[in-house]
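Student: Predicted model, plus sequence, below.
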Amino acid sequence: MESGRLVYLNGTFVPEKDAKISIFDSALMFGDMVFEMTRSFNKKQFKLREHLERLYAGLHILRIPINLTIEEMEEACYKTIEVNEPFFNENDEHRLMINVSRGPLGIYAPIFDNKMEPTVVIADFPLKWTVASMGVLFEKGINAVIPSQRAIPGTLLDPKIKNRSRVHYQMANIEVSNYKGENNWALLLDPDGYVAEGTGDNFFIVKNGTIITPEGRNILRGISRAYIFEIAKELNIPCVEKNIEPYDVYTADEAFMTGTPFSLLPVVSLNSELIRDGKRGKVTDMLIKKWSDNVGLDIEKQIIDYSKEVSDYKSNAPTPYQFKK
């Protein structure tokens, strides 16, 4: 079935199903690609510029050439939204996926008439399909599970660059999929045994009224993670970065994860051991409410409504957060 949606591919718009990159692309050969996922609230993009700034930092560090300025990339993002809006329902949100690779490897240049350029893809997809299974988690909460797979430290592959070399995330998700029970999400430790991050989300605990998150060393420094610091300041709640161990999670008052699609979800247990009373905490409540107030939309209700709308949707494929058999 034709969606009608169009994808920006190296300066032109092509039908979604026809948006393809070369088998010789560096992204396929090496996972040599940086990317960003953004979302809208009430169809207004949230922190798009911050996402693009992180994207361009990654391009710079990985020495991926790009012939678009950040302003031109931003304009292309908004143009992608504009051409796709007619194919979105009134209650849909725009989830952009921006991917940039080095392009085809040099040895294949003759195939492309020696016209070598980076691959730039901007896809616009309804957010609801990403968060379809998450509505129940606002009430039931996540059971964080520590897999044997460790986070890759910045000394080996810098996770602060949002890149597509993420097979370690996938292996963590596969392992956690075999854990008993429901609502299990992976929580990675770094090689020193400190809590790092999830497989596509950042992690926080609350202890004695202070919000605590792992230092931004061996993690992706999320845009949503940074926004928690902003909200906490508005609410006059202390928010700090520090090394935390599983012990600190077990003995916390509450915990939660942040990520662009869902904003914030409560974590109520670690390896099936309840955190405090195993219920969503008051600080988590305050943060969700403040975030919702700031964007003019009830985030929790929207995702629950999306979950009901697509309740018959079942995936047998991996997702960024869980691996479903």
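Tutor: Yep, that arrived. Numbering: from 1, shown residues only.
Student: alpha carbons only for contacts and neighbour counts from here, please
Tutor: Fine.
Student: Name the SS class of Val240, please.
Tutor: With DSSP: H, G, I helix; E, B strand; the rest coil as the basis, Val240 sits in strand.
Student: Quick check: the gap between it and Trp129.
Tutor: To Trp129, Val240 is 33 Å away according to C-alpha to C-alpha, to the nearest Å.
Student: Looking at those two, which is more packed in?
Tutor: Trp129 (16 against 13; other C-alpha atoms under 10 Å).
Student: Measure how far the strand or helix carrying that one is from the centre of its chain, please.
Tutor: Assessed by DSSP states H and E, Trp129 sits inside helix 128-131. In this view, helix 128-131 has its centroid 12 Å away from the chain centroid, taken as C-alpha atoms, centre = their mean, to the nearest Å.
Student: Show the subsequent helix or strand relative to that helix.
Tutor: helix 137-140.
Student: which stretches of the chain have low pLDDT?
Tutor: 1, 312-325 (pLDDT under 70).
Student: right, and Leu265 touches Thr258 too?
Tutor: Yes. With contact defined as C-alpha atoms under 8 Å, Leu265 counts as touching Thr258 (6.5 Å).
Student: tell me the SS of the nearest residue to Asn99 once chain neighbours are set aside?
Tutor: Excluding its sequence neighbours, the residue lying closest to Asn99 (C-alpha to C-alpha, 6 or more residues apart in numbering) is Phe35, at 4.4 Å. Using three-state DSSP, the structure places Phe35 in strand.
Student: same question, Asn89
Tutor: Following three-state DSSP, the label given to Asn89 is coil.
Student: do you know how far it is from Asn42?
Tutor: Distance of Asn89 to Asn42, computed by C-alpha to C-alpha: 12 Å.
Student: Neighbour count: the two, which is higher?
Tutor: The neighbour comparison of Asn89 against Asn42 (other C-alpha under 10 Å) goes to Asn42, with 15 against 9.
Student: Please state the backbone phi and psi of the more buried one?
Tutor: phi 50, psi 40 (degrees, to the nearest 10).
Student: do Leu188 as well
Tutor: Backbone torsions for Leu188, taken as degrees, to the nearest 10, come to phi -90, psi 140.
Student: do the same with Phe46
Tutor: Backbone dihedrals for Phe46, given as degrees, to the nearest 10, come out at phi -110, psi 120.
Student: check contacts around it.
Tutor: 38-40 (C-alpha atoms under 8 Å, 6 or more residues apart in numbering).
Student: among those residues, which are in strands?
Tutor: Using DSSP state E, the subset of the contacts of Phe46 located in strands is 38, 40.
Student: now, which of the contacts of Phe46 sits nearest Glu71?
Tutor: Ranked by distance to Glu71 (C-alpha to C-alpha), the contacts of Phe46 are led by Thr38 at 16.2 Å.
Student: So for Ile211, what's the nearest residue that isn't a sequence neighbour?
Tutor: Closest residue in space to Ile211, ignoring its immediate chain neighbours: Cys239 at 4.5 Å, by C-alpha to C-alpha, 6+ apart.
Student: Asp253 contacts Leu274, correct?
Tutor: No. Taking C-alpha under 8 Å as the definition, Asp253 is not a contact partner of Leu274, at 10.3 Å.
Student: of the two, who's got more company?
Tutor: Asp253 (23 against 18).
Student: ok, that one - contacts?
Tutor: Going by C-alpha under 8 Å, 6+ apart, the list of residues near Asp253 reads 205-208, 275-276, 281.
Student: Repeat the analysis, applying 10 Å as the threshold.
Tutor: Taking C-alpha atoms under 10 Å, 6 or more residues apart in numbering, we find Asp253 in contact with 205-210, 268, 275-283.
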